[in-house]
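Peer 1: next one to model:
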Amino acid sequence: MSLQQENINLYMRFLTAMNNLNYSELDKIFVQSFVDHHPGFELNSLADYKESLKAAYQAINIQAILDEIIAVDDKLITRATLTGKHVDKFFGALPTGNSLRWTTIEIWRVENHKFVERWAEDDLLGLVRQLGITLPF
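Peer 2: As a prediction, the model looks like this:
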């Protein structure tokens with residue numbers, strides 16, 4: 001199996017673990033020093049990343065659907081659709097019960113069969129509009 005296919009398989013393991021909040025699986029596929037470059041968030045460890053997933057799951061029942069993936073050397077480029085339902089306070093907005101849908105484009109870096117770094121760009125403007133947040137914040 002090629003390195004690129006191994007990295008794609010690693011991402012699919014991540015996606016399943018994320019959608020099921022399987023923290024023990026996340027511990028197997030991320031380094032503890034995982035760094036997430038994501039505008040608006042400061043996540044400098046796997047523990048930070050897992051807490052952000054837990055908060056998003058609790059507030060909006062976040063789920064991810066992979067739309068596209070490209071593997072190049074030690075990197076994966078992904079486009080995914082994120083969905084959820086606004087059931088708890090999120091970005092300061094009280095729960096609306098609204099269904100949510102937005103996209104994210106991410107670049108993941110893999111070392112020794114584990115994720116070490118991610119760059120993400122979510123459509124946060126589209127998300128906050130769905131939450132009913134008036135701009136500017």
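
Peer 1: now A17: which helix or strand?
Peer 2: Applying DSSP states H and E as the criterion places A17 in helix 3-19.

Peer 1: elements contacting that helix?
Peer 2: Helix 3-19 is packed against helix 23-29, strand 63-72, strand 75-85, strand 99-111, strand 114-122, with contacts defined by 3 or more CB pairs under 8 Å, 6 or more residues apart in numbering; DSSP states H and E. Yep, even glycine has a C-beta here, placed from its N, CA and C like the rest.

Peer 1: list the contacts of that helix.
Peer 2: Residues outside helix 3-19 that contact it (CB atoms under 8 Å, 6 or more residues apart in numbering): 1, 22-23, 25-26, 29, 53, 63-64, 66, 69, 71-76, 78, 80, 108, 110, 113-115.

Peer 1: then stretch 68-78?
Peer 2: Identification of contacts with stretch 68-78 by CB under 8 Å, 6+ apart yields 3-5, 7-8, 11, 66-67, 79, 104-111.

Peer 1: could you pull out the buried residues of that stretch?
Peer 2: Neighbour-count burial for stretch 68-78 flags I69, A71, L76, T78 (criterion: 16 or more other CB atoms under 10 Å).

Peer 1: stretch 26-39 too?
Peer 2: Quick answer for stretch 26-39 (16+ other CB under 10 Å): L26, I29, F30, V31, F34, V35, D36, H38.

Peer 1: next one: stretch 7-24
Peer 2: Residues of stretch 7-24 classed as buried by neighbour count (16+ other CB under 10 Å): N7, I8, L10, Y11, F14, L15, A17, M18.

Peer 1: ok, back up a step: from the buried residues of stretch 68-78, which is closest to L124?
Peer 2: Distance to L124, by CB to CB, is smallest for T78 among the buried residues of stretch 68-78, at 17.2 Å.

Peer 1: who's in contact with Y57?
Peer 2: Residues near Y57 by CB under 8 Å, 6+ apart: L21.

Peer 1: A strand includes it, no?
Peer 2: No. Using DSSP: H, G, I helix; E, B strand; the rest coil, the secondary structure at Y57 is helix, not a strand.

Peer 1: and the worst-scoring helix or strand of the chain on mean pLDDT, what does it pack onto?
Peer 2: Least confident helix or strand, the chain: strand 41-43 with a mean of 85, by mean pLDDT, DSSP states H and E. The helices and strands touching strand 41-43, judged by 3+ CB pairs under 8 Å, 6+ apart, are strand 30-38, helix 46-60.
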